[in-house]
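A.B. asks: What follows is a predicted structure for the sequence shown.
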Amino acid sequence: MNRDVIIACDFPGMKETLSFLDHFEGEKPYLKIGMELYYAAGPEIVREIKKRGHKIFLDLKLHDIPNTVKSAMKVLKDLNVDMTNLHAGGGIQMMEAALEGLTPASGERQTKLIAVTMLTSLTNEAMNNELLIPGTVPETVMHYAANAKKAGLDGIVCSPLESPIVHEKIAPDFITVTPGVRFAGGDVGDQKRVTTPAKAKELGSNFIVVGRPITKAENPVEAWKICMKDFAE
Ligand code: C5P
């Protein structure tokens with residue numbers, strides 16, 4: 001299966017994003033647009049970046065009743081992004097409705113749909129005592145991944161460390177999109193469990209999402225090229 005590096009464009013607006021992209025000249029890295037940038041710049045940022053020839057993962061993490069998510073996905077379908085996502089916690093019916101919304105009348109869906117399982121910011125204790133979900137986080141992740149597969153989704157967001165078991169237990173072609181990647185010896189920031197691009201490749205991740213190690217690098221293009229070399233080649 002294909003592997004690619006997705007740069008997380010965690011910028012406050014259109015201006016900052018486009019001036020970051022200007023460094024790349026002829027290169028067209030795969031980009032992630034998250035809530036901050038989308039809420040600031042709206043669908044126009046997606047159209048502008050697409051016009052420049054980049055692939056886009058629109059990371060908006062939808063979570064609502066099935067009818068509302070389906071209607072929202074219908075709108076996102078027309079943006080023609082390469083991948084978008086939702087929270088598996090919304091349930092199987094919500095995930096099925098989302099897929100329906102994202103599928104055009106021709107039946108040929110362009111946008112891959114993946115699920116966020118448990119947020120990595122939640123501890124096992126919070127999951128048990130606040131959310132009243134028993135068991136361990138990895139058990140919940142695998143259960144939600146199985147629900148996403150049942151609903152017909154294409155994959156999940158997870159840690160690179162979970163990629164092997166997801167491919168083994170859910171399906172070898174179930175896409176794993178994995179944040180939490182750092183260069184060896186690099187600044188970890190607020191990420192808790194990190195792997196290098198080379199390790200993520202070894203573990204079988206399909207996409208790595210890399211933010212600050214590229215966006216805050218002295219030479220972002222060089223940092224991206226190193227990631228691509230270590231992970232995607
Ligand atoms: O800067 P950094 O490489 O840590 O950025 C990782 C990106 O992946 C951020 O956009 C963050 O929101 C996202 N993400 C994450 N962990 C998750 C889900 C998404 O770090 N579990």
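C.D. replies: That came in fine, so what should we check first? Residues are numbered from 1 along each chain as shown.

A.B. asks: I'd like to know which residues of the protein are adjacent to the ligand.
C.D. replies: Counting by Cβ under 6 Å from any ligand atom, the chain comes close to the ligand at 8, 10, 34, 119-120, 157, 179-180, 189, 191, 209-213. C-beta: built from backbone N, CA, C; applies to glycine.

A.B. asks: Among those, show me the least confident.
C.D. replies: Least confident by pLDDT among those: that is Gln191, with 76.

A.B. asks: which residues touch the nearest residue to that residue once chain neighbours are set aside?
C.D. replies: Of all residues not flanking Gln191 in the chain, Gly180 sits nearest, at 4.9 Å (Cβ to Cβ, 6 or more residues apart in numbering). Neighbour list for Gly180: Thr120, Ser159, Pro160, Gln191, Lys192, Arg193, Val194, Thr195 [criterion: Cβ atoms under 8 Å, 6 or more residues apart in numbering].

A.B. asks: and the residue lying closest to His63 once chain neighbours are set aside, how far is that from Thr17?
C.D. replies: Leaving aside its sequence neighbours, His63 sits nearest to His87 (Cβ to Cβ, 6+ apart; 3.9 Å). Spatial separation of His87 from Thr17 under the definition Cβ to Cβ, to the nearest Å is 25 Å.

A.B. asks: so the residue lying closest to Leu102 once chain neighbours are set aside is in which element?
C.D. replies: Distance criterion Cβ to Cβ, 6+ apart; nearest residue to Leu102, sequence neighbours excluded, is Met73 at 4.5 Å. For Met73, the host element (DSSP states H and E) is helix 66-77.

A.B. asks: CSV for the contacts of Gly180, including secondary structure?
C.D. replies: Converted to CSV, the contacts of Gly180 look like this (DSSP: H, G, I helix; E, B strand; the rest coil):
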residue, secondary structure
Thr120, coil
Ser159, coil
Pro160, helix
Gln191, coil
Lys192, coil
Arg193, coil
Val194, coil
Thr195, strand
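
A.B. asks: packing partners for the longest strand along the chain?
C.D. replies: Looking across the chain with DSSP state E, the single longest strand is strand 56-62. Packed against strand 56-62 by the contact rule (3 or more Cβ pairs under 8 Å, 6 or more residues apart in numbering; DSSP states H and E) you find strand 30-34, helix 35-41, helix 43-51, helix 66-77, strand 83-87.

A.B. asks: how about CSV for the ones you listed, with mean neighbour count added?
C.D. replies: Converted to CSV, those look like this (neighbours: other Cβ atoms under 10 Å):
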stretch, mean neighbour count
strand 30-34, 22
helix 35-41, 16
helix 43-51, 16
helix 66-77, 17
strand 83-87, 23
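
A.B. asks: Return the nearest residue of the protein with respect to the ligand.
C.D. replies: In the chain, the residue that lies nearest the ligand is Gly211 (2.5 Å; Cβ to the nearest ligand atom).

A.B. asks: which residues in this structure form strands?
C.D. replies: For the chain, the strands defined by DSSP E cover 4-8, 30-34, 56-62, 83-87, 112-116, 155-157, 175-178, 207-210.

A.B. asks: so the first one versus strand 30-34, what angle?
C.D. replies: Using axes from the mean of the first three to the mean of the last three Cα atoms, to 10 degrees, one finds that strand 4-8 and strand 30-34 are set 40 degrees apart in direction.

A.B. asks: Please name the strands paired to strand 4-8 in the sheet, noting orientation.
C.D. replies: For strand 4-8, the paired strands and their directions (DSSP bridges) read strand 30-34 (parallel), strand 207-210 (parallel).

A.B. asks: Of the ones you listed, which is nearest Glu218?
C.D. replies: The minimum distance between Glu218 and the strands paired with strand 4-8 falls on strand 207-210, with 15.5 Å, by Cβ to Cβ.
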